[in-house]
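Peer 1: generate a structure from the sequence data that follows.
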Amino acid sequence: MYPQPVNLERRPKPSPPSFFPLAGHPLRWHLLTELASSDRQVRELTTVLGKPQSLVSYHLGRLRAGQLVSMRRSSADGRDAYYRLDLARCRELLAAAGGALHPGLGLTPPAAEGRAAGGRRVHVLFLCTGNSTRSQMAEALLKNLAGDSVVVDSAGSHPRSVHPNAVRVMRERGIDISTNRSKHLGLFTRRRFDYVITLCDRVREVCPEFPGQPERIHWSIADPALEGATDDESYPAFERTATELESRIQFLLHLIRQPHTRR
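Peer 2: Numbers count the residues shown, from 1 in each chain. Next up, the predicted model:
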């Protein structure tokens with residue numbers, strides 16, 4: 001018996017998935033790894049990378065064009081801008097890239113269950129200016145997703161009453177924060193945390209040092225209360241903020257539960 005002839009007809013040359021040309025450049029990969037841990041300003045990225053601002057800005061522009069990175073003006077100083085990595089978009093492109101090579105290489109995100117490495121509870125503090133919206137929603141969402149595996153608190157530099165739209169948007173997600181109270185960040189400065197996460201640009205500028213050198217992360221998220229003249233007009237912004245926080249917190253849980261985390 002002779003082996004059956006193999007069909008060697010020339011096939012169209014496939015293009016590599018878009019993630020690889022974007023992320024494969026060494027400087028862009030360095031940018032992605034920096035932005036994976038925290039939102040950054042251009043001057044911070046130029047310092048870390050040791051490259052001219054014009055070069056860093058060029059490669060950030062390439063990443064923005066590929067929709068891996070987005071930019072928003074700082075609410076603390078409008079002359080500054082924060083760059084943010086879209087982790088959900090990266091996961092989508094990586095899954096597509098694996099599946100394009102072989103169906104068995106599609107990514108399946110790990111389940112966000114259980115405690116941190118070693119089984120101990122991780123302590124997280126969310127901060128924003130008023131502790132009325134962003135940090136309250138982040139605290140509630142992380143508690144809901146993590147259960148008793150994470151101890152979560154929130155505070156503000158200038159506390160205000162919890163915004164009714166924050167209560168409303170959480171209620172629609174099955175979470176009740178109607179009895180929550182705003183707290184000043186000074187109440188927590190002697191507490192030890194594993195992660196301190198600032199959610200607005202102003203509070204990042206005044207964030208104090210905490211004992212034990214916690215991991216400092218910044219998420220540059222606009223205050224939804226500033227959109228619209230009435231609560232009804234601003235409510236869609238609260239929904240968008242809650243959705244963004246949900247996505248970021250799901251990725252935060254994966255980070256917390258990695259066995260190689262430093263805490």
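Peer 1: the longest helix in the chain is where?
Peer 2: helix 231-256 (DSSP state H).
Peer 1: what is it packed up against?
Peer 2: In terms of contacts (3 or more C-beta pairs under 8 Å, 6 or more residues apart in numbering; DSSP states H and E), helix 231-256 is packed against helix 87-101, strand 122-128, helix 134-146, helix 164-171, strand 195-198. C-beta here means a position set from N, CA and C on the backbone, and glycine is covered the same way.
Peer 1: can you list the buried residues in stretch 70-82?
Peer 2: Taking 16 or more other C-beta atoms under 10 Å as the neighbour-count basis, stretch 70-82 is seen to contain the buried residues 70, 74-76, 81-82.
Peer 1: ditto for stretch 221-239
Peer 2: Residues 221-225, 234-235, 237-238 are the ones in stretch 221-239 that count as buried (16+ other C-beta under 10 Å).
Peer 1: cool, and stretch 125-132?
Peer 2: In terms of neighbour count (16+ other C-beta under 10 Å), stretch 125-132 has its buried residues at 125-132.
Peer 1: didn't Phe238 look like it was pressed against Arg168?
Peer 2: Yes - assessed by C-beta atoms under 8 Å, Phe238 is found in contact with Arg168 at 7.4 Å.
Peer 1: tell me the SS of Ser154?
Peer 2: Assigned with DSSP: H, G, I helix; E, B strand; the rest coil, Ser154 falls in the strand class.
Peer 1: per-residue pLDDT of the closest residue to Asn131 other than its chain neighbours, please?
Peer 2: The spatial neighbour of Asn131 that comes closest, neighbours along the chain excluded (C-beta to C-beta, 6 or more residues apart in numbering), is Gly156 at 3.0 Å. Per-residue confidence (pLDDT) for Gly156: 97.
Peer 1: do the same with Pro5
Peer 2: 54.
Peer 1: ok, now Asp77?
Peer 2: We note a pLDDT of 86 for Asp77 in this prediction.
Peer 1: which residues touch it?
Peer 2: Contacts here follow C-beta atoms under 8 Å, 6 or more residues apart in numbering; on that basis Asp77 touches Asp201.
Peer 1: what distance do you get for Val42 to Pro52?
Peer 2: Distance of Val42 to Pro52, given as C-beta to C-beta, to the nearest Å: 11 Å.
Peer 1: now the buried residues of stretch 125-132 as JSON lines including distance to Thr33 and pLDDT?
Peer 2: Converted to JSON lines, the buried residues of stretch 125-132 look like this (distance: C-beta to C-beta, whole Å; pLDDT from 0 to 100):
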{"residue": "Leu125", "distance to Thr33": "24", "pLDDT": "98"}
{"residue": "Phe126", "distance to Thr33": "24", "pLDDT": "98"}
{"residue": "Leu127", "distance to Thr33": "24", "pLDDT": "98"}
{"residue": "Cys128", "distance to Thr33": "26", "pLDDT": "97"}
{"residue": "Thr129", "distance to Thr33": "29", "pLDDT": "96"}
{"residue": "Gly130", "distance to Thr33": "32", "pLDDT": "95"}
{"residue": "Asn131", "distance to Thr33": "31", "pLDDT": "97"}
{"residue": "Ser132", "distance to Thr33": "33", "pLDDT": "96"}
